[in-house]
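> everything below, folded, please.
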Amino acid sequence: MTDVALYTALLHLQEPWYISRLDVDVKAEEVHVFVSDRHGRLPCPTCGSSCLVEDHVEERVWRHLDLWQAKTFIHARLPRTNCPTHGVLRVATPWAEPNSRFTVWFESQVILCIRSCQTVEGARTLMRISWDEARGIMERAVARGLERRTAMTVPHLGVDEKSIRKGHSYVTVLTDLDGRRILEVSPGRTKASLLECLERLDSTQIGGVEAVSMDMWEPYRLAVEEHFAQPGPDIVHDRFHIISHANDALNEVRKEEARALAAEGRSDLKGLRQAILFGAENLPERHEASIAQMKASDLRTAKGYAIKENLRRCWHHRLVRTAKQHFRQWIRWARRSGLKPFAKVADLVHNHLKNILTYFKHRITNGPQEGMNAKLMSVIRSARGYRTAETFRMAALFFLGGLDLNPRTARESSH
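Predicted structure coming up:
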């Protein structure tokens, strides 16, 4: 097989395209492939009608996959057809997508490399491209993935805020909890932020939403009520956020009591700062003795620990009736405990009890979303490059959006 035949086969070139010249620069380790077309009639890019070739645009260059150690570049002057209906239009290339300076095979390899390396820096070094070129490939991949995202029902949505850098810079993340994929990201954590995410969903997705899991952040609730036709989907206040409030209350009780004990020369609570935050069933063996000793004491922290653990058991019920009774008993206990931090949590639970109890209808939490956020933050920390809401959105959808990212050749698209 000749060199021309080899490259023709590798590039899947068919009539009217052919390789007119091959240049090899040994010193620069580059191969330049010049592709031409046979003049005559070509299909209109819009309607497919056979049209006369009007002229050719100036030569353009596309980066292709390396051959051995040599960078490979494709050169071509693309023809323009003169369609009676659509006018003079440039013919699409079979080896690259519009507005890209890379072949589809090269872009596919870069996408695979970025997802495997989990860093743009590592992938761009391996592929010998710039950071901006790698980011451009990611942006095009996300754009085509969103266009290809088929309309499907999303019964359960998750909404959460995420800090993307220091200085209270937040984004709102909207997740398909059942599909375990990120659907959208928008800057800020306001009502408008969530509305922006919801407005990007299609009518099929919006129409199929049965419940939305979120924390007790009021702007998010208002956004859901405004965007969906009433009666809208159920709002489920995420239990992990509620337990987080109880953990914060317990920590406040511990700190206050530890200071009082220290003034008496006692260290009863030493080493318990992290241990008391574990759920009883997840308590590491190394903390079992100290927790047992603390529970047997008359410390205020021991009472707070019991209240916190009892709250966690509220979600263990099978029936909403018994769960509701348990929550109400817990609220009374927390309010009468004499522990002000827990009294505040009790008021919070009382005020949002209606949307807490919807959990027993849908049994959803933001757990899958928290897992995806953790993976995404790991990627972003290693990338050291996603410092704005827009780049965070691109990374979120690229790595965790469940999108079809790869480009397709003109031949593949036609089938």
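
> for the lengthiest helix in the chain, which outside residues touch it?
In the chain, taking DSSP state H as the definition, the longest helix is helix 239-263. Contact with helix 239-263 is made by 215-216, 267-270, 272-273, 276-277, 299-301, 304-305, 307-308, 311-312, 315, 339, 341-342, 344-345, 348-349, 356, 359, 365-367, 370, as judged by Cβ atoms under 8 Å, 6 or more residues apart in numbering. C-betas here are computed from N, CA, C, even on glycine.

> inside helices: which ones of the residues you listed?
Among the contacts of helix 239-263, the members found in helices (DSSP H) are 300-301, 304-305, 307-308, 311-312, 341-342, 344-345, 348-349, 356, 359, 367, 370.

> I'd like to know which of those are buried.
The neighbour-count test (16 or more other Cβ atoms under 10 Å) marks 300-301, 304-305, 307-308, 311, 341-342, 344-345, 348-349, 356, 359, 370 as buried among the ones in helices among the contacts of helix 239-263.

> how about stretch 96-108 as CSV, C-alpha atoms only?
What follows is stretch 96-108, C-alpha atoms only, in CSV (Å, rounded to 0.1, in the frame of the first residue of the first chain):
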residue,chain,number,x,y,z
ALA,A,96,-14.0,17.6,11.1
GLU,A,97,-17.0,19.4,12.6
PRO,A,98,-17.7,23.0,11.7
ASN,A,99,-15.6,25.6,13.4
SER,A,100,-13.1,23.1,14.7
ARG,A,101,-9.4,22.9,13.8
PHE,A,102,-9.1,19.3,14.8
THR,A,103,-10.3,16.1,13.1
VAL,A,104,-13.1,14.2,14.8
TRP,A,105,-10.7,11.4,15.6
PHE,A,106,-8.3,13.8,17.3
GLU,A,107,-11.1,15.5,19.3
SER,A,108,-12.4,12.1,20.4
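
> off-centre distance for that stretch?
Stretch 96-108 sits 24 Å away from the centroid of its parent chain (Cα atoms, centre = their mean, to the nearest Å).

> give me the contact list for it.
Among residues not part of stretch 96-108, those counted as contacts by Cβ under 8 Å, 6+ apart are 11, 60-65, 74, 92, 95, 110, 127, 133, 137, 140-141, 144, 406-409.

> burial measure for Val120, as a count.
If you count neighbours by other Cβ atoms under 10 Å, Val120 ends up with 25.

> Ser20 belongs to a helix, doesn't it?
No. Counting by DSSP: H, G, I helix; E, B strand; the rest coil, Ser20 falls outside a helix, being strand.

> for it, which non-adjacent residue is spatially closest?
Nearest non-adjacent residue to Ser20, counting by Cβ to Cβ, 6 or more residues apart in numbering: Ser36, 4.2 Å away.

> OK, contacts around the closest residue to Ser297 other than its chain neighbours?
Excluding the flanking residues, the one nearest Ser297 by Cβ to Cβ, 6+ apart is Asp268, at 6.9 Å. Residues in contact with Asp268 (Cβ under 8 Å, 6+ apart) are Leu261, Met294, Ser297, Leu299.

> which of those residues sit farthest apart?
Leu261 and Met294 (12.0 Å; Cβ to Cβ).

> higher neighbour count, those two?
Set side by side, Leu261 and Met294 show more neighbours around Met294, with 19 against 16, by other Cβ under 10 Å.

> that's a strand at that one, yeah?
No. Counting by three-state DSSP, Met294 is not found in a strand; it is helix.

> can you tell me how far it is from Asn99?
64 Å (Cβ to Cβ, to the nearest Å).

> Glu107 now?
If you go by Cβ to Cβ, the gap between Glu107 and Asn99 works out to 12 Å.

> from the middle of its chain, how far away would stretch 198-209 be?
In terms of Cα atoms, centre = their mean, the centre of stretch 198-209 is set 17 Å apart from its chain centre.

> and stretch 250-259, what's buried?
Leu250, Asn251, Glu252, Val253, Arg254, Glu257, Ala258.
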